[in-house]
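> build me a structure from this.
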Amino acid sequence: MYSVTLKKGLQPPLIINALISIIAIAFLVFFLVLPLVIIFGEAFSQGISMWWASIAEKEALSALRLTLLVAAIAVPLNLFFGVVASWALAKFDFWGRSFIITLIDLPFAVSPVISGLIYVLLFGINGWLGPWLIKYNIQIIFAVPGIVLATLFVTFPFVARELIPLMTEQGSEEEQAALTLGSNGLKTFWKITLPNIKWGLLYGVILCNARAMGEFGAVSVVSGHIRGETNTLPLQAEILYNEYNFMAAFAVASLLAFLALITLVLKLIVEWKSSNNQERA
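Below you'll find the predicted structure:
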């Protein structure tokens, strides 16, 4: 079996570097920049006043409020779960550790639509817990709780998967030294662990928030598409587009694109801060 390696200091030809750069830029322009240009172009095609009128409609505002509400619930819960899970998995070695890591990665392997169907089978009228929920007048599917649960499922790996490698690499020597000197567990976490993971934690929260606001598949299954009640921004954009109300659909989509751009800027800031801290260290 033969292998080809570049000698130390040997650089690829300039034409290859240029070709790779051109391909990468063309890919980004075609799949990222061009869709954004089309979204904002269509959204403002009839002027800012029409754009504002489209997003100021009662159903669009309701979708925006629900999207922000779901993110406001799902992100803090995932933040708490991610920190606790990462602490346990990175700082301790115990039986079943690999199995828990596999469970954390499960939403990456399961289609969001399938995860939504699972909740329907659990909490729907004909589901396993459906009769009990009906008895006590508790509605989860086709209501906000179902949307929150579906969003939690598809987003909970993001914080944990950012922190587990980081905390594993850092080790537990500093925490053990603090405990040896008489510090308690909570004080050790706030004074030592949290400052060491703050940038990775913030990065995971940003990714989690972006996925929570843009989730479509799982939410579409459990929401019921009730106008003004259970439609998030992605679902509202789909409904408007299917009704051939293209301008309003792109106006709603522009809100999501705007939130995505804010997320991207925050992500770049966090990466820049993190790289600066690593260089100083």
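
> give me the phi and psi angles of I138.
Dihedral angles of I138 (phi, psi; degrees, to the nearest 10) stand at phi -110, psi 120.

> please name the nearest non-neighbouring residue to L106.
Nearest residue to L106 in three dimensions, chain neighbours excluded: P157, at 7.9 Å (C-beta to C-beta, 6 or more residues apart in numbering). From N, CA and C alone the C-beta is placed, and that goes for glycine too.

> distance of the one you found relative to Q236?
Taking C-beta to C-beta, to the nearest Å as the measure, P157 falls 26 Å from Q236.

> contacting residues for the residue nearest to L106?
For P157, the residues meeting the contact criterion (C-beta atoms under 8 Å, 6 or more residues apart in numbering) are I104, D105, L106, P107, F108.

> mind redoing it with 7 Å?
Contacts of P157 were listed using C-beta atoms under 7 Å, 6 or more residues apart in numbering, and they are I104, D105, P107, F108.

> which strand or helix spans the last one?
With secondary structure defined by DSSP states H and E, F108 is part of helix 97-109.

> how far is the next helix or strand after that helix from where the chain is centred?
Sequence order places helix 112-123 as the next helix or strand after helix 97-109, per DSSP H and E. Its chain's C-alpha centre and that of helix 112-123 lie 19 Å apart, by C-alpha atoms, centre = their mean, to the nearest Å.

> check stretch 217-235 too.
The chain centroid and the centroid of stretch 217-235 are separated by 18 Å, computed with C-alpha atoms, centre = their mean.

> state the mean pLDDT of that stretch.
If you average the pLDDT over stretch 217-235, you get 92.

> could I get the buried residue list for that stretch?
Neighbour counts over stretch 217-235 (16 or more other C-beta atoms under 10 Å) mark A218, V219, S220, V221, V222, S223, T230, N231, T232, L233, P234, L235 as buried.

> what's the local residue count around F44?
For F44, the neighbour count with other C-beta atoms under 10 Å is 15.

> any idea how far it lies from G214?
Taking C-beta to C-beta as the measure, F44 falls 21 Å from G214.

> hmm, back to that, out of the buried residues of stretch 217-235, which comes closest to P13?
Of all the buried residues of stretch 217-235, P13 sits closest to P234, with 45.0 Å by C-beta to C-beta.

> who are the packing partners of the helix or strand of the chain with the lowest mean pLDDT?
Averaged element by element with mean pLDDT, DSSP states H and E, the chain has its least confident helix or strand at helix 185-188 (a mean of 76). When contacts are defined as 3 or more C-beta pairs under 7 Å, 6 or more residues apart in numbering; DSSP states H and E, helix 185-188 sits against helix 173-180.

> of the contacts of P157, which is the most crowded?
Comparing the contacts of P157 on neighbour count, I104 comes out first with 21 neighbours (neighbours: other C-beta under 10 Å).
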